[in-house]
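Trainee: Pasted the sequence and its predicted model underneath.
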Amino acid sequence: MSKVIMVQGTTSNAGKSLMAAALCRIFRQDGYKAAPFKSQNMALNSYITKDGFEMGRAQVMQAEAAGIEPDVRMNPILLKPTGKNGSQIVLNGKVFKDVTAGEYYTYKNDMIPHIMKAYSSLADEYDIIVIEGAGSPAEINLREQDIVNMGMAKLADAPVIIVGDIDRGGVFASLAGTMLLFDKDERDRVKGFVINKFRGDVNLLVPGLEMLEDITHVPVLGVVPYLRVDIDDEDSLSERLEGGNEHSLIDIAVIRLPRLSNFTDFNVFSLIKGVSLRYVSKVKELGDPDMIIIPGTKNTIGDLKWMRQSGIEAKVIRHANEGKALFGVCGGYQMLGEIINDPDSVECGGSIRGMGLLKTITNFSKEKTTTQISGKINNIEGFYSQLSGIEIRGYEIHMGNSEITYGVPLSTLDLKSDGCVSGNVAGSYLHGIFDNSQVTNTIVKILAHHKGISLEGSEDFDLNRYRESQYDLLAEEVRKSVDMDKIYKIIGIDQ
């Protein structure tokens, strides 16, 4: 069996995911086979593995940091919120059922065998397992049924380090209060604290660190500065979704749908020199961008109604009618068509008129498509013609299919047609289509051409090379800030 360490945090967004990724990268650099694990994830950002299983993107990111292929065993339970008080349970990569929060509570004990089968299988294959917790481990009302924080630590017999976010303030109270709410067995599992997101002179923090250690009897393993690393975020707490005011030479606006999913599909645009990527949720924020993207959503019909009621749909249609670039991905692609039918009440039942910008009809079905897929963009004419013949790959996650009644499929993927293109309007079911660097670089050049400008000095952007550099930067900064010798001793490895 492998060695194990668990990363918990005082709050959501304290830095658990990034700390787990940093450890995965450091262990890899030091010659160990490491794998991430999170028993239960709640997010609308998901990924499809090579064998067609769905899992949370945080563990995909951590697997990339570890230099290994993402595996659904790294995230056996994924909860995808469907409304104010419900979620779809994705168990071992496949849809299990939709439940309310109260109903899921009764299922938790039944989930433990699935969790331990996945964890034990990974532990047989890897040297070190890096487990990530969720939210706060000190939610005492949930302790009895916990399967993701201290409950998971007990199942895996894992030592724990707790990350606290000092940027929000109150980090000492958060760490000390968390320890106060643990029972003795839980306190005994905590082997160290990491202070995260610190700005300033660390010497001024030392008296507080010493007092914290005296109060809790837990060592502070390090103080990590506020890092400027660019790594995919897990959920809507992402700072990427805030703001939306900056405009560069090429301005791309993504509609921030209420049930937005897989927003990481578009991160690459923000990395290209001369391009701004904005997330907008109000008509007044939209302005006059060079390209609008309608992203994926957990509820296509509900979010289309929201666009209609908010006035954003009318602005998007006007943008398209002016000959400017419009692209829909997955649910966004479905919205661009003429009609969406939901005969089996997959979402809310009935039919709804689409935007009518593509001649497609979408029919929802209960069967969920989850697959990695590859192919190339077809020979197309007009606005997007420069994309013709480019090889692409990505993954599909959707309920139902779209039929073209008039127009041209955007691409051919594994011998089947995908998407549709009509002039300056295009759509695709392919998540990750923009992660194909040639696609993204070409789209930016198309937008610059239609705007009549030149992005002088810009170079084609290589996303994979950039990601690798960011993982290395993350590992380097954490090594400087955290006592890795103590980390290795905590997990029982002599360096």
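Mentor: Arrived safely.
Trainee: How about the contacts made by V60?
Mentor: Y47, P70, D232 (C-beta atoms under 8 Å, 6 or more residues apart in numbering). Where C-beta positions appear, they are placed from N, C-alpha and C, glycine not excepted.
Trainee: just those: which has the poorest pLDDT?
Mentor: Among these, D232 carries the weakest pLDDT, at 78.
Trainee: these two touch, right, that residue and R57?
Mentor: Yes. Judged on C-beta atoms under 8 Å, D232 makes contact with R57 at a distance of 6.1 Å.
Trainee: Give me the common contacts of those two.
Mentor: Shared contacts of D232 and R57, defined by C-beta under 8 Å, 6+ apart, are found at N45, T264.
Trainee: Looking at the two, which is more packed in?
Mentor: R57 (24 against 20; other C-beta atoms under 10 Å).
Trainee: Correct me if wrong: the more buried one contacts I48.
Mentor: No. Using C-beta under 8 Å, R57 makes no contact with I48, being 10.6 Å away.
Trainee: in the chain, what residue sits furthest out from the centroid?
Mentor: Within the chain, D214 marks the point farthest from the mean C-alpha position, 37.9 Å out by C-alpha atoms, centre = their mean.
Trainee: Now do the same for H247: its pLDDT.
Mentor: Note on H247: pLDDT of 79.
Trainee: Quick check: it touching S276?
Mentor: Yes. Assessed by C-beta under 8 Å, H247 is found in contact with S276 at 5.4 Å.
Trainee: who's more crowded, these two?
Mentor: Neighbours per residue, other C-beta under 10 Å: of H247 and S276, the larger number sits with S276, 19 against 15.
Trainee: Quick check: chain neighbours aside, which residue is closest to the more buried one?
Mentor: Leaving out its chain neighbours, the residue that sits closest to S276 by C-beta to C-beta, 6 or more residues apart in numbering is S248, at 3.8 Å.
Trainee: Ramachandran coordinates for that neighbour?
Mentor: The phi/psi pair for S248 (degrees, to the nearest 10) reads phi -110, psi -170.
Trainee: who's in contact with the closest residue to K3 other than its chain neighbours?
Mentor: Closest residue to K3 apart from its sequence neighbours, by C-beta to C-beta, 6+ apart: I491 at 4.5 Å. For I491, the contacting residues are K3, V4, I5, I128, P159, by C-beta under 8 Å, 6+ apart.
Trainee: So for the lengthiest strand in the chain, mean pLDDT?
Mentor: Of all segments of type strand in the chain, defined using DSSP state E, the longest is strand 359-377. For strand 359-377, mean pLDDT rounds to 94.
Trainee: right, and the helix or strand after it?
Mentor: Later in the chain than strand 359-377, the nearest helix or strand by DSSP states H and E is strand 391-406.
Trainee: In the protein, mark out all the helices, start to finish.
Mentor: Using DSSP state H, the helices of the chain run over residues 16-29, 57-66, 101-125, 150-156, 171-181, 184-189, 206-216, 283-286, 300-310, 312-321, 331-335, 437-451, 463-481, 484-491.
Trainee: rewinding a little: tell me the one of the contacts of V60 nearest D30?
Mentor: Checking the contacts of V60 against D30 by C-beta to C-beta gives P70 as the nearest, at 21.5 Å.
Trainee: so how many other residues sit close to that closest one?
Mentor: By other C-beta under 10 Å, the residues close to P70 number 24.
Trainee: Name all residues that make contact with it.
Mentor: Y47, T49, M55, Q59, V60, A63, E64.
Trainee: tell me the contacts of the fourth one?
Mentor: Contact criterion C-beta under 8 Å, 6+ apart gives P36, F37, K38, N41, P70, M74, N75, E132 as the residues in contact with Q59.
Trainee: so what are the domain limits for this structure?
Mentor: Listed by automatic domain parsing, the domain ranges of the chain are 3-231+468-491, 250-454.
Trainee: quick one, which of these is nearest to F461?
Mentor: Between these, domain 250-454 lies closest to F461; by C-beta to C-beta that is 5.1 Å.
Trainee: what's the distance between stretch 323-338 and the middle of its chain?
Mentor: Centre-to-centre, stretch 323-338 and its host chain are 21 Å apart (C-alpha atoms, centre = their mean, to the nearest Å).
Trainee: ok, now stretch 364-381?
Mentor: In terms of C-alpha atoms, centre = their mean, the centre of stretch 364-381 is set 20 Å apart from its chain centre.
Trainee: residues near Q88, how many?
Mentor: Per other C-beta under 10 Å, the neighbour tally for Q88 reads 18.
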